[in-house]
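Undergrad: sharing a model that was predicted from the sequence below.
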Amino acid sequence: MSEHCIRPGELCYAGPMARIEYIDDNRTMTPHVSKPRLEIRETPQKGRGLFAGQRIRRGHLIIEMHGNRYSSADLPPELFATQIGPDLWLASDGSSLDDLINHSCEPNAGFVTGEAILFALRDIEPGEEITWDYSTSIDEPGWRLKCLCRSSRCRQVVLPWRELSAEERNRLRPIALHYLRQARSKSR
Ligand SMILES: [Zn+2]
C-alpha cells in the first residue's frame, strides 16, 4: 500500500491483508484475491463490455490492468490506454480483458488498494456488467468522455481527476489510484 507500487516496469499487489475504508458506507473491507469468471458481451450502447460470469463478492479481486507502459508523449493513439501515473500509461491493443471494461459514475469495481487492480465494491451478480470510474485513473488535462452510464449519480461528462470538484474527489479518493490520492494538496 505504498507509492513504490506505481513505478515503470512493475505492477505490484498490496496483498489480501490490506485494509481500506469503502467509499459509501465506511465499512472496513479486506480485499481478497480471487480469479472470477469474466465474460465479454455486447452492450446496447457502449460496444463490448466485461461481465461477471459468476457471483463476485464484495472486496474480491476482479482483474489486474495489463499493458505496456508509455509516457504521455510516446502513447500510440490507436491503443486502449489507462493512465496510472503523472506521466505513465498502461496501454494495449484491445486484446486484454481489462481493455473492455466500461466507465460508470456509479461503478461496481474500483482501485481500493490504490494499485491498478480492480476489486468489487459490492456483491456483483452473474451477468452484471463490470464498471469502474475512469476519473479515478485519468488526470490528463482536457480529457473528456461523454457518459452513457445512466446511473442516478451520472456526471454526464467524465472529467480528469484534477477537474472534478473537491467533493467528487473526496468521494472517489478511496477507489482512486495512489498517484491521484497523493496529489490532493497540489490540486485545487
Ligand atoms: Zn455516468
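TA: Yep, it's here.
Undergrad: excluding residues flanking it in the chain, which one is nearest residue 43?
TA: Once flanking residues are discounted, residue 43 sits nearest to residue 49: 4.4 Å by CB to CB, 6 or more residues apart in numbering. Yep, even glycine has a C-beta here, placed from its N, CA and C like the rest.
Undergrad: which regions of the protein sit below the pLDDT cut-off?
TA: Low-confidence segments of the chain (pLDDT under 70): 1-34, 183-188.
Undergrad: going along the chain, name the helices of it.
TA: With DSSP state H as the definition, the chain shows helices at residue ranges 166-172, 178-181.
Undergrad: packing partners for the shortest one?
TA: I take that to be helix 178-181. Helix 178-181 sits against no helix or strand, with contacts defined as 3 or more CB pairs under 8 Å, 6 or more residues apart in numbering; DSSP states H and E.
Undergrad: off-centre distance for it?
TA: 12 Å (CA atoms, centre = their mean, to the nearest Å).
Undergrad: again, but for the first one
TA: Helix 166-172 has its C-alpha centroid displaced from the chain centroid by 15 Å (CA atoms, centre = their mean).
Undergrad: when you give positions from now on, start the count at 40
TA: That works, and once the first residue is 40, the last one we named lands at helix 205-211.
Undergrad: briefly note if that helix comes near the ion.
TA: No. Taking CB under 5 Å from the ion as the criterion, helix 205-211 and the ion are apart, separated by no less than 12.0 Å.
Undergrad: swap in stretch 182-198?
TA: Yes. For stretch 182-198 and the ion, the contact criterion (CB under 5 Å from the ion) is met by 186, 188, 193.
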